[in-house]
Every structure is written in C-alpha cells, then in structure tokens.
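In: 3D model of this:
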Amino acid sequence: MHEQPLGAIPETREPHRKLLLTGWFSFLRGEATAGDVLALERVRDVLGRAGIAHDVAWSPGFHPEALHLEDVRPEDYSHLVFVCGPVHGEQIEELHRRFAHCVRIAVGTSVMAPGSPAVTGFHRVLARDASDTEPGRDLAARAPALPPRPVVGVVLTHGQHEHGPQPRHDRVAEEVTSWLAGKDCARLQLDTRLDTRDWRLCATPAQLESVLTRLDLVVTDGLHGLVLALRAGVPALAVDPVAGGAKVTAQARACDWPALVSAEQLDRRLLERWWHWCLTTGSVTARQIAAEFREGVVRDGADRLVEALQTRVVDRAG
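Out: Below is the predicted model:
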C-alpha cells in the first residue's frame, strides 16, 4: 500500500482520543457501494482488534437512523479517517476545513491529483493506487467473511389484460416489492420474456433455467414464474394478482404447490409465513415436484394431443 506523508500532525490529547470514520458513504448525496462498505468493515475490524473506539458517519439517504455527518460535533473527535474511493473534490476539502483540529488520514483510496487540496489536506494518505507507485490491494478483499443470504429471483408480470376488471397486478407488485425491500436477501429481477436483441434478457429457456437453478427462492405473480421455478427445483412464493383467483391459483393446485397467496389475502403475515416455509421445508417439496415433472408422473395436455388429433370433424352443414 502506498503511504504518502503530507501535512504536519497537530497535537492531540491522547487520553481523550476519539476517531470518526468517513467516506463517500458519509456525504449527503454520496453513494454507498458494496466495495466501500466492505472496505469500511475491514478498517473497523482492524480498529476493533486494536481496541480503538470509533464512530461511523453515514449518509442519511442510506442509513436514516444512524449517525450523520451533519449532526457530528467535530470537537468530539481527535482523528478523522476517510476510507476508500477517490480523493478529490469540494466535499473532502470541506472535511479538512471542518475537522481542521483533527489528525486526518485517508486509507485505501485512489489518488489521481497528488497536489490537489483534497489530497494535501490529509496528514497521511495510505493509498491503494497513486501515480508512480505500485498499487496495493483494495481493503474490501480482506473484509471479514460474510454470512450467506438467500438469493431470491423476482418475477412479476406487471399487468396482463386477459382478466378484465379483476387484475390487481400493480397493487400486488407494490406490496410485494416494498415487503422484499425489507428482507435480508439478495434480490435478482428476472423476466420470463425472451429476447435475442436485448442483452438484459435471456435469449433461450436454457439461459433462464441456468439462472433459476442457482436461486434459493422465486417470488412471482406469474404462472410461468411458478412453473419454471418448480421445474428448476426451486421453491416459489406465488401471489395470484387476480381477484377470485385465476391461472396462477389453478396452476398451483395442479402442481400440488401450497405456497400461494391470493390478491384478497395479500399481507405481510402470510408472505412471511410462506417465505419461511419455502426456505425450509419448501425446498425439499420443490425438488420432489421437479422430479415428478421429469418423470411424467402426472399426465398433461400434450399426452392427450395425439388422441385428440384422431378426432373427426363432423360436417354439420347438412
């Protein structure tokens, strides 16, 4: 890691030392990236092992209930550390002005303009990359290991016109997505529509199935969202968006799949119940149904097609 000593370090009273961690994730209109937050966790882990107490300033747009930079009393701190990201711009220069009495250190950062006030305002810069130096590894690489989270595919139809006045797709989508936003899971928006011209969509069923098989759960309001999830052996939390129940309800019944919520009964209590079931017992049930699909345990319309083709049309004209 490149270390660049800069300004003279002001005197601090060691017994009252308190450290504030900041970054682009701290600014009012800053953004929190996964890499930045993992870099922060790496720094917090090192400080924790060293027994150094610290606070973190978060953007109110990312953590509304946390400590925010604009609410911080600079005089409460002796040290300010800026973690990760590029060192440039007025926002960082304002940190130097506001925390002028603090020892200011940048760590795991990129330095594009070494002579800029944003850079020279730090007393030490422990850069991950800077001009004329060998780059160091990003702090996120050695962040503490993270516990796995469920990977959830979200397949919503956003309205179909075949059901007349009964569809409630918009309300279902709003309720389901607002609920999902609060779940501790990795969400992946998917579409069963295929398109050979749009790189964001799958071009073949095999491509979509390859994604589905890697999921822990599918949340869907579509018939094929349900069927394709079960075909892949993945549990589906299905919501029928049509009042009174329509094809999603019928298909869930045909597949003997219980994790179904009707448009009229859509509430978070039921969603939570089926979420838990899908991620536990439902995983086994989904694999069993996938095996039934492969083995053809239950006949479908295609099995009866050849027989239907033998049907003779009677000429009623006479």
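In: List of residues touching stretch 276-294?
Out: 150, 216-217, 229-237, 255-259, 274, 298 (Cβ atoms under 8 Å, 6 or more residues apart in numbering). All C-beta atoms are positioned from the backbone trio N, CA, C, and that covers glycine.
In: Got a quick PyMOL command for the buried subset of the residues you listed?
Out: Buried subset of those, written as a PyMOL selection, criterion 16 or more other Cβ atoms under 10 Å:
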select buried, resi 216+217+229+230+231+232+233+234+235+236+237+255+257+259+274
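In: In helices, which of the contacts of stretch 276-294 appear?
Out: A229, L230, R231, W274 (DSSP state H).
In: Tell me the bridge partners for the residue nearest in space to the middle of the chain.
Out: Centrality entry for the chain: nearest residue to the mean C-alpha point is A186, 4.3 Å, by Cα atoms, centre = their mean. Going by DSSP bridges, A186 is paired in beta bridges with V151.
In: any idea how far it lies from D216?
Out: From A186 across to D216, the span is 9 Å (Cβ to Cβ, to the nearest Å).
In: between those two, what contacts are shared?
Out: By Cβ under 8 Å, 6+ apart, the residues touching both A186 and D216 are P150, V151, V152.
In: Make JSON lines out of the residues you listed and add distance to F27 and pLDDT.
Out: Listed next are these as JSON lines, based on distance: Cβ to Cβ, whole Å; pLDDT from 0 to 100:
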{"residue": "P150", "distance to F27": "31", "pLDDT": "98"}
{"residue": "V151", "distance to F27": "31", "pLDDT": "98"}
{"residue": "V152", "distance to F27": "30", "pLDDT": "98"}
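In: so where is the protein shaky, pLDDT-wise?
Out: 1-16, 159-167, 314-318 (pLDDT under 70).
In: Same list (the shared contacts of A186 and D216) but as TSV, adding distance to S26.
Out: Below are those laid out as TSV (distance: Cβ to Cβ, whole Å):
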residue	distance to S26
P150	30
V151	29
V152	30
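In: mind listing the helices for the stretch 151-300 of the chain?
Out: 169-181, 205-212, 223-231, 247-254, 268-278, 281-295 (DSSP state H, counting those that start in this stretch).
In: Quick check: next helix or strand after the last one?
Out: Reading on from helix 281-295 to the C-terminus, the next helix or strand found by DSSP states H and E is helix 305-309.
In: Pull out the buried residues from that next one.
Out: Using 16+ other Cβ under 10 Å, none of the residues of helix 305-309 count as buried.
In: just stretch 259-272 next, same as before
Out: Result for stretch 259-272 [16+ other Cβ under 10 Å]: buried residues A259, L260, V261, S262, A263, L266, L270, L271.
In: Tell me who's in contact with L188.
Out: L188 sits in contact with V151, V152, G153, V154, V211, L215, where contact means Cβ under 8 Å, 6+ apart.
In: between those, which has the most around it?
Out: The most crowded member of the contacts of L188, judged by other Cβ atoms under 10 Å, is G153 (25 neighbours).
In: wait, doesn't G30 sit right on V37?
Out: No. With contact defined as Cβ atoms under 8 Å, G30 does not reach V37; the gap is 11.8 Å.
In: just to revisit the earlier point, same list, the contacts of L188, but as TSV with distance to T133 please.
Out: Converted to TSV, these look like this (distance: Cβ to Cβ, whole Å):
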residue	distance to T133
V151	38
V152	42
G153	43
V154	44
V211	41
L215	43
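In: Identify, from the residues you listed, the entry nearest to Q310.
Out: V211 (40.0 Å; Cβ to Cβ).
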